[in-house]
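Asks: Just to be clear, the model below is a prediction. Sequence and coordinates:
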Amino acid sequence: SAVISQKPSRDICQRGTSLTIQCQVDSQVTMMFWYRQQPGQSLTLIATANQGSEATYESGFVIDKFPISRPNLTFSTLTVSNMSPEDSSIYLCSVETVYMETQYFGPGTRLLVL
Amino acid sequence: AQTVTQSQPEMSVQEAETVTLSCTYDTSESDYYLFWYKQPPSRQMILVIRQEAYKQQNATENRFSVNFQKAAKSFSLKISDSQLGDAAMYFCAYRSPVSGGSNYKLTFGKGTLLTVNP
């Protein structure tokens, strides 16, 4: 499986600000995904990051709030914009290579918004 | 839409004993993938085991095995010889086989918190 890193590992932010989370993979992957895990909850997919095209967002998530970039096959960023305390969550990226049909996760970014 | 249900919010097991975590799912698809992920306190999601729906044979990975009952839409995880390091939140997840767009999406259950007692 791929080695996946995320930066930052955790952060404390003020409401109204934005934070960009990076996800780096040690090998080229077809698909990259961003999930949110609110406190005590399960994981919910925010969007699929497509290389060379717009991200595909799930219902309830919009590009203005969670802009995503995917400049190449090993890197993606997720920005959490205009943050509120409700955005306090763990944000995880995952990757999948075509024909593997299995997602592997990064270590996550723990975000606290005050 | 697919749904995944884990009916046991918490489970406990004695070290070296065996425990089974339950998972049921609802789908109209005939082919799909099922997974168990483990999330220890570090919060890293770790793949435990994977099952393809078209395979009748139950998947095994060392001390971890599944009981896949396709007709009953049941996918339980058995942990044998439980170790202290097995203590974690366990999530069952479903994935459609069709490529493209949100069909890559993993749908997760709410999780089962496993405690291992020494």
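Replies: Received, thanks. Residues are numbered from 1 along each chain as shown, chains lettered A, B, ... in the order given.
Asks: residues in contact with the residue of chain B found nearest chain A?
Replies: Chain A sits closest to B:Met45 of chain B, with a gap of 3.7 Å, by Cβ to the nearest Cβ. (Glycine included, C-beta is placed from N, CA and C.) The contact partners of B:Met45, by Cβ atoms under 8 Å, 6 or more residues apart in numbering or on different chains, come to A:43, A:92, A:94, A:105, A:108, B:37-39, B:91.
Asks: mind putting those residues in a markdown table, pLDDT included?
Replies: Converted to a markdown table, the contacts of B:Met45 look like this (pLDDT from 0 to 100):
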| residue | pLDDT |
| --- | --- |
| A:Leu43 | 95 |
| A:Leu92 | 97 |
| A:Ser94 | 95 |
| A:Phe105 | 95 |
| A:Gly108 | 96 |
| B:Tyr37 | 97 |
| B:Lys38 | 97 |
| B:Gln39 | 96 |
| B:Phe91 | 98 |
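Asks: helix or strand for the most centrally placed residue in chain A, which one?
Replies: Among the residues of chain A, the one closest to the centroid is A:Trp34, at 3.3 Å (Cα atoms, centre = their mean). Assigned by DSSP states H and E, A:Trp34 falls within strand A:31-37.
Asks: Give me the next element, helix or strand, following that strand.
Replies: Scanning onward from strand A:31-37 (DSSP H and E), the first element met is strand A:43-49.
Asks: Helix or strand next in line after that next one, which one?
Replies: Note on strand A:43-49: by DSSP H and E, the next helix or strand toward the C-terminus is strand A:56-57.
Asks: how close does the nearest residue to the residue of chain B closest to chain A once chain neighbours are set aside get to A:Gln41?
Replies: Leaving aside its sequence neighbours, B:Met45 sits nearest to A:Phe105 (Cβ to Cβ, 6 or more residues apart in numbering or on different chains; 3.7 Å). Here the criterion is Cβ to Cβ, to the nearest Å. By it, A:Phe105 lies 16 Å from A:Gln41.
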